[in-house]
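K.L.:
Turn this into a structure:
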Amino acid sequence: MKENLAHIEDGRIGESIIRQYFISKGIKLFQIDWMTHEDGEYRLNEVKYQEIFEPPPFYGHGLPKWQIKDRLDFFTRKRIVPFFYVVEKSDYKKKERYHLIWSQSLITLEMGKHVDTWGEDPRRVYDIRSFNRTYFAKRTP
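P.N.:
Coordinates of the predicted model:
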């Protein structure tokens, strides 16, 4: 176990060095949480662990607007569909043995109901009814 953690830490150190290298070269960074291959297509997946946004105007989940813009620009150039996954912290319909996961394509979410917030961390919040809901069993210790 300790050996595995050491490899993970080495990987983080390497990633940090290369990140600084790219920045020093003026290369724009684009960090993807997960790239998956499903049903013969690649998908870009943005993942968040967050509380639900509460009304008004609706229950929902959101992303910083700059992340949405970057992912939609990537889709326009490469035709790799961006998906948004949320593991909800505050399951308002509590199921204690399960994680509540919301997911949907950002393309679909952008076509649906959404609202922009303002302030220190402006976000676009998508209506919860636009997402697919899944319950995933928690591991028991």
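
K.L.:
can you give me how far the helix or strand harbouring Gly14 is from the chain middle?
P.N.:
According to DSSP states H and E, Gly14 maps onto helix 2-24. Distance, stretch centre to chain centre, for helix 2-24: 21 Å (Cα atoms, centre = their mean, to the nearest Å).

K.L.:
Check stretch 59-66 too.
P.N.:
For stretch 59-66, the separation from the chain centroid amounts to 10 Å (computed by Cα atoms, centre = their mean).

K.L.:
buried residues in that stretch?
P.N.:
60-63 (16 or more other Cβ atoms under 10 Å). (C-beta placed from N, C-alpha, C; glycine too.)

K.L.:
could you pull out the strands for this protein?
P.N.:
34-38, 41-50, 60-64, 81-88, 98-105, 114-116, 123-127, 132-137 (DSSP state E).

K.L.:
Direction included, what does the second one pair up with?
P.N.:
Taking DSSP bridges as the criterion, strand 41-50 sits next to strand 34-38 (antiparallel), strand 81-88 (parallel) in its sheet.

K.L.:
Report how many residues lie close to the closest residue to Phe131 other than its chain neighbours.
P.N.:
Closest residue in space to Phe131, ignoring its immediate chain neighbours: Trp102 at 4.0 Å, by Cβ to Cβ, 6 or more residues apart in numbering. Trp102 has 21 neighbouring residues, counting by other Cβ atoms under 10 Å.

K.L.:
Report the beta-bridge partners for Trp102.
P.N.:
Val86, Arg133.
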